[in-house]
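Colleague: Sequence and predicted model, in that order:
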Amino acid sequence: MSMNKKEPEIRWLRAEEERAWRAYRRMVIAVQSHTVRDLAAHGLSEPDYEVLSTLSERTDGTSTLREQAAKMGWSRSRLSRHATRMEARDLIRRAPDPTDGRGCLLVLTETGWDTLREAAPTHLDSVRRHVIDRLTPEELATLGRIAEKIADTEP
């Protein structure tokens, strides 16, 4: 007796779907390459800037590793490895978490605050030049809605 397994149907992209997908990919790559290049002038990677900027949203520049990872959409192990590299550059430091004996706090150092203050104008100018200022207010609102819809959707 032969067990024929039915192959799943391939849902090929129609021409307009493929054009949209490829345009989206080119947009992401272009924006990312420009912002990465601009941050590199300050010795920062895009993940470095993300860690620094999200920590700076806390008035004391401190967050638990768990909260920070969740906010950034990273795994705790990924953030922990990245934090080790940033700690070696004195951008952040780790401290024991008084509420969780197994956890730790990530704390912005003075060097981290200074680096962020120096890099923020460059980064904001880059975001404006490569995205914000190229769109009308209506296009920007549409982009925001589309991005939220895609980011908030579970497959």
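Modeller: Ah, there it is.
Colleague: What segments of the chain are strands?
Modeller: For the chain, the strands defined by DSSP state E occupy 62-64, 92-97, 100-108.
Colleague: quick one, which of these is packed in tightest?
Modeller: Ranked by mean neighbour count, the strands of the chain are led by strand 62-64 with a mean of 18 (mean count of other Cβ atoms under 10 Å). In short, each C-beta sits where N, CA and C put it, glycine included.
Colleague: Now do the buried residues in stretch 82-89.
Modeller: 82-83, 86-87 (16 or more other Cβ atoms under 10 Å).
Colleague: try stretch 46-59
Modeller: 47-52, 55.
Colleague: Keep only those of the residues you listed that are in helices.
Modeller: 47-52, 55 (DSSP state H).
Colleague: which residues touch Thr43?
Modeller: I think there's a mix-up here, since residue 43 is Gly and not Thr. Contacts for Gly43 (Cβ atoms under 8 Å, 6 or more residues apart in numbering) come out as Thr115.
Colleague: How much space separates it from Leu91?
Modeller: To Leu91, Gly43 is 10 Å away according to Cβ to Cβ, to the nearest Å.
Colleague: Also Asp38?
Modeller: Note on Asp38: its distance to Leu91, by Cβ to Cβ, is 18 Å.
Colleague: again with His42
Modeller: Counting by Cβ to Cβ, the gap from His42 to Leu91 is 11 Å.
Colleague: Overlap in contacts, these two.
Modeller: Thr115.
Colleague: These two: which has the busier surroundings?
Modeller: Between His42 and Leu91, Leu91 has the larger neighbour count (other Cβ atoms under 10 Å), namely 23 against 16.
Colleague: Name whatever forms a beta bridge with the residue lying closest to Asp60 once chain neighbours are set aside.
Modeller: Nearest non-adjacent residue to Asp60, counting by Cβ to Cβ, 6 or more residues apart in numbering: Val107, 7.9 Å away. Val107 has these beta-bridge partners by DSSP bridges: Thr62, Arg93.
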